[in-house]
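# Predicted model and sequence follow; I will ask about them next.
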Amino acid sequence: MADNSYKESDIKVLKGLEHVRKRPAMYIGDVSSRGLHHLAYEVVDNSIDEALAGFATKISLTINKDGSVTVEDNGRGIPTGIHPTEKISTLEVVMTQLNAGGKFDRNTYKVSGGLHGVGVSVVNALSEWLEVEVYRDGKINYQKYVRGEPVSKVKETGKVKEKTGTRVTFYPDNEIFKDINFKYSTLEDRLRELAYLNKSLTIKIKDERNKKENEFHYKGGIIDFVKYLDENEKSLTGKPVYVEGNKDNIQVEVAFQYNESFNDNIYTFVNNINTHEGGTHLEGFKSALTRTLNFFASKNNLIKSDKISLTGDDFREGLTCVISTKVPEPQFEGQTKTKLGNSEVKGIVQTVVNEQLGNFLEENPSVARKIIDKAVRAAEARRAAQLARETVRKKNSIDSFGLPGKLADCSISDPEQCELYMVEGDSAGGSAKQGRDRRFQAILPLKGKILNVEKARINKILENDEIKNIITAIGAGIGNSDDFDVSKVRYGKIILMCDADVDGSHIRTLLLTFFYRHMREVVDAGKLFIAQPPLYKIKKGKQEFYAYDDAERDSILKSLKIDKNKIKAEITPEGEINEIVEDETGAVPEGKVAISRFKGLGEMNPEQLWSTTMNPETRTILLVTNENASAADKMFRVLMGEEVEPRRKFIEENAKYANIDV
Ligand code: 0RA
């Protein structure tokens, strides 16, 4: 598809779907794995619209053995009669014409905005093939398409009793998408979220490739969502507080509770779309929460010291909240078009929360006291943190350029070209300092395990030396919008380099937790990466090879025409083959082969570290992304929180998929 000779001026008007194939990113954001999954969401969204209109109650998604995806609902079915102006089946119009679905206005709260609601025809255009079956008026109607073009007319292929609905099966076009492999867990996270947001719906997911399946139906809706997010936390409020209301066709639902952690987690949705950047609904909630709780506290004389004033931040410590709004004509703003702009929504949310939360506090004074107590402790910690921040700042202005002594900085000053390697251990740090390209690569060695920020308040975090070094090396502050400025980050890439063992993965998780909780903008900006050191070195004569996993090791052995079962090898309990046959010069005699497993980065000399893990020409680094914020949040809480049992279970269930080796 990539046609480099194409210029805007060459072709004035492209027919709808042709344009989708020329410029897929304009419709689905990008053609990475993210865009691929967006295809499935788009089809599901059409079924969700049918549910929001009051007609569908069940939706199922199946990843088929061949890698195609089927989405089926029990709605009215896409109309199949002849379209009044197009003179062909309406089904064909909906499937092949851009934005045709919109003309029907099936419901007030369409899932549209941002990249949502581009229409099922976009999915069709970007699929190698797509089949649709409509169950309506006692008949089955069917049509197939190849890259968006029908290969036959709409045909009646059978009869049904009672049954109505729509079934779409599509196989993404690998001329458009490099990777057409759907990830079960990614789709599962989104479908679970949709089931929480639409309490009358039952959503099933099934993976025919490996027989995984799940079914989601939550009678309690977003109340259940909050409980799920806080599954491993102790609730301060007993059960979530729930408020709802509507005005001028705008519907508001909020569920929240407090737990004993120090994080705040507020998820906001408009017409089922996660508004990552917040907006007017969030503003309305925050201001009502602060006002109502402060009012209750002062009315009941709950703040003993007059030195303390409680701010919004204090009232959000330990808060887990889901805000779901339905807005007829949502305006989306912000960088990623996920910020609600409609100003009228703020007042509506504010009124609903003020009134109903006020009543709740009056009726549950002991819960109210607990919330206020927690906020008071948060305020005290916030004051201590301010002092700690000032000492960090002062220390910076005294040291030369304020950078930590352990940091070996790079010489180029343009941040975009620079990389910061955060390296586990002083010895690997030393090798990295010698092996690096000092023009653009900086090294910050980290001593042992950094503080688990999941279990510490901000003042304690700021007292930690290792964390202070990280903050000053990055140079953009710490925390949310006010205290962190992503434009000041001193490096284009921040690369975590840890050993490929249990301790290494623990340290990596601690670092990821720190970035996720306290420098989320670094993650969102796509600046955080994980280095991939090799696991094995294979030597034959003077030749050396590196393998990054077992499969690569085996394929190297195969290309050297060596049967791994025939080498006289020692296989350790970890499954490693350990036969090292080197002479005093370090060479291995021809025919013989040496395989060694790197136990840690420190075992590699500077040249090896450079050529395998740091040289931009040859290394592999993994970008850390945050696809689904609530799923990521839950993962960190499970991995780093207080409770041991859920952690063990999570790791057992995910070790195969998530590259977490324990
Ligand atoms: C247009 C009009 C009508 C339904 C749909 C589209 C529809 C589309 C999809 C896509 C997936 N599932 C769907 N279910 C329905 C309704 C027209 C009518 O019957 O009045």
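Sure, I can see it. Numbering: from 1, shown residues only.

# now the strands for the stretch 351-500 of the chain?
Along the stretch 351-500 of the chain, counting by DSSP state E, counting those that start in this stretch, strands occupy 419-424, 441-446, 493-497.

# want to try JSON lines for those, with mean pLDDT as columns?
Shown next, in JSON lines, are these (pLDDT from 0 to 100):
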{"stretch": "strand 419-424", "mean pLDDT": "97"}
{"stretch": "strand 441-446", "mean pLDDT": "97"}
{"stretch": "strand 493-497", "mean pLDDT": "96"}
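
# and residue 124, which of these is closest to it?
strand 493-497 (37.7 Å; CB to CB). C-beta coordinates here come from the backbone N, C-alpha and C atoms, glycine included.

# so how far is the closest one off the chain centroid?
Centroid displacement of strand 493-497 relative to its chain, using CA atoms, centre = their mean, to the nearest Å, is 18 Å.

# so what does it touch, helix or strand wise?
Here strand 493-497 touches strand 419-424, helix 502-518, strand 528-531, going by 3 or more CB pairs under 8 Å, 6 or more residues apart in numbering; DSSP states H and E.

# ok, residues contacting that strand?
Strand 493-497 has contacts (CB atoms under 8 Å, 6 or more residues apart in numbering) with 418-424, 428, 432, 474, 508, 511-512, 522, 527-531, 533, 601, 613, 621.

# So, low pLDDT: which residues of the stretch 101-250 of the chain?
Applying pLDDT under 70 to the stretch 101-250 of the chain flags residues 101-103, 113-114.

# In contact with the residue nearest to residue 498 when sequence neighbours are not counted, which residues?
Leaving out its chain neighbours, the residue that sits closest to residue 498 by CB to CB, 6 or more residues apart in numbering is residue 504, at 3.8 Å. Residues counted as contacts of residue 504 (CB under 8 Å, 6+ apart) are 424, 498, 600.

# need the contact list for the first one.
Right, residue 424. 446, 497-499, 503-504, 507, 601.

# and the stretch 51-200 of the chain, which residues reach the ligand?
Residues of the stretch 51-200 of the chain lying near the ligand by CB under 6 Å from any ligand atom: 73, 75-76, 78-79, 101, 104, 106, 120, 166.

# Now the buried members of these.
Among these, those classed as buried by neighbour count (16 or more other CB atoms under 10 Å) are 73, 75-76, 78-79, 101, 106, 120, 166.

# and residue 420, what are its bridge partners?
Assessed by DSSP bridges, residue 420 has beta-bridge partners residue 442, residue 494.

# Surely it is in contact with residue 474?
Yes - here residue 420 reaches residue 474: they are 7.2 Å apart, a contact under CB atoms under 8 Å.

# where do the helices sit along the stretch 51-200 of the chain?
Using DSSP state H, counting those that start in this stretch, the helices of the stretch 51-200 of the chain run over 90-96, 120-125, 184-197.

# any idea which of those helices is most buried?
Neighbour counts (mean count of other CB atoms under 10 Å) averaged over each of these peak at helix 120-125, with a mean of 26.

# which residues are contacting that one?
Counting by CB under 8 Å, 6+ apart, 16-17, 20-21, 27-28, 39, 42-43, 46, 94-101, 130, 145, 147-148, 168, 170 sit against helix 120-125.

# Quick one: buried ones out of those?
By 16+ other CB under 10 Å, those give 16-17, 20-21, 27-28, 39, 42-43, 46, 94-98, 100-101, 130, 145, 147-148, 168, 170 as buried.

# taking the residues of the stretch 51-200 of the chain next to the ligand one by one, which sit in strands?
73, 166 (DSSP state E).

# Quick check: phi and psi on residue 180?
Per-residue torsions, residue 180: phi -110, psi 30 (degrees, to the nearest 10).

# pretty sure it contacts residue 174?
Yes - here residue 180 lies in contact with residue 174, judged by CB under 8 Å, at a distance of 5.1 Å.

# Neighbour count: the two, which is higher?
Using other CB atoms under 10 Å, the more surrounded residue of residue 180 and residue 174 is residue 180, with 17 against 12.

# Let me see the contact set for the residue nearest to the more buried one when sequence neighbours are not counted.
In space, and not counting its chain neighbours, residue 180 is closest to residue 172: 4.4 Å by CB to CB, 6+ apart. Counting by CB under 8 Å, 6+ apart, residue 172 touches 36, 39, 126-128, 180.

# The closest residue in space to residue 295 that isn't next to it in sequence: neighbour count?
Take residue 295 and drop its neighbours on the chain: the residue closest to it by CB to CB, 6+ apart is residue 358, 7.5 Å away. Using other CB under 10 Å, residue 358 has 16 neighbouring residues.

# wait, what's in contact with residue 358?
Contact analysis of residue 358 by CB under 8 Å, 6+ apart lists 292, 295-296.

# got the helices of the stretch 51-200 of the chain as TSV, with distance to residue 595 columns?
Below are the helices of the stretch 51-200 of the chain laid out as TSV (distance: least, CB to CB, whole Å):
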stretch	distance to residue 595
helix 90-96	54
helix 120-125	47
helix 184-197	33
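
# For this protein, what lies in contact range of the ligand?
46-47, 50, 73, 75-76, 78-79, 101, 104, 106, 120, 166.

# Kindly indicate which of the residues you listed lies nearest residue 257.
Closest to residue 257, out of all of these and judged by CB to CB, is residue 47, at 30.9 Å.

# Just give me the neighbour total for the closest residue to the ligand within the stretch 451-600 of the chain.
Nearest residue of the stretch 451-600 of the chain to the ligand, counting by CB to the nearest ligand atom: residue 524, 31.8 Å away. If you count neighbours by other CB under 10 Å, residue 524 ends up with 17.

# Which residues are in contact with it?
By CB under 8 Å, 6+ apart, the neighbours of residue 524 are residue 626.

# And it, how close does it get to residue 311?
Distance, residue 524 to residue 311, by CB to CB, to the nearest Å: 24 Å.

# Residue 121 now?
49 Å.

# got it, and residue 167?
Here residue 167 is placed at a distance of 52 Å from residue 311 (CB to CB).

# State the helix or strand in which the closest residue to residue 352 other than its chain neighbours lies.
In space, and not counting its chain neighbours, residue 352 is closest to residue 245: 3.8 Å by CB to CB, 6+ apart. For residue 245, the host element (DSSP states H and E) is strand 241-247.

# list the helices and strands that strand packs on?
Contact partners of strand 241-247 among helices and strands, from 3+ CB pairs under 8 Å, 6+ apart: strand 250-258, helix 344-363.

# and among those, the most buried is which?
strand 250-258 (a mean of 24).

# That one: partners in the sheet, and parallel or antiparallel?
Strand 250-258 is paired, per DSSP bridges, with strand 241-247 (antiparallel), strand 319-326 (antiparallel).

# So which of these is nearest residue 156?
The nearest among those, by CB to CB, is strand 319-326 at 36.9 Å.

# same question for the closest one, mean pLDDT?
Strand 319-326 shows a mean pLDDT of 97.

# Give me the distance from it to the chain's centre.
Distance of strand 319-326 from the chain centroid (CA atoms, centre = their mean) equals 18 Å.

# Return the list of strands paired to whichever helix or strand comes after that strand, each annotated with direction.
As assigned by DSSP H and E, the chain's next helix or strand after strand 319-326 is strand 332-333. The pairing partners recorded for strand 332-333 under DSSP bridges are strand 339-340 (antiparallel).

# Could you tell me how far the partner strand lies from the centre of the chain?
Per CA atoms, centre = their mean, the centroid offset for strand 339-340 relative to its chain is 19 Å.

# Of all residues in the stretch 351-500 of the chain, which one is closest to the ligand?
Across the stretch 351-500 of the chain, no residue is closer to the ligand than residue 352, which sits at 31.5 Å (CB to the nearest ligand atom).

# Kind regards, and thank you for your time.
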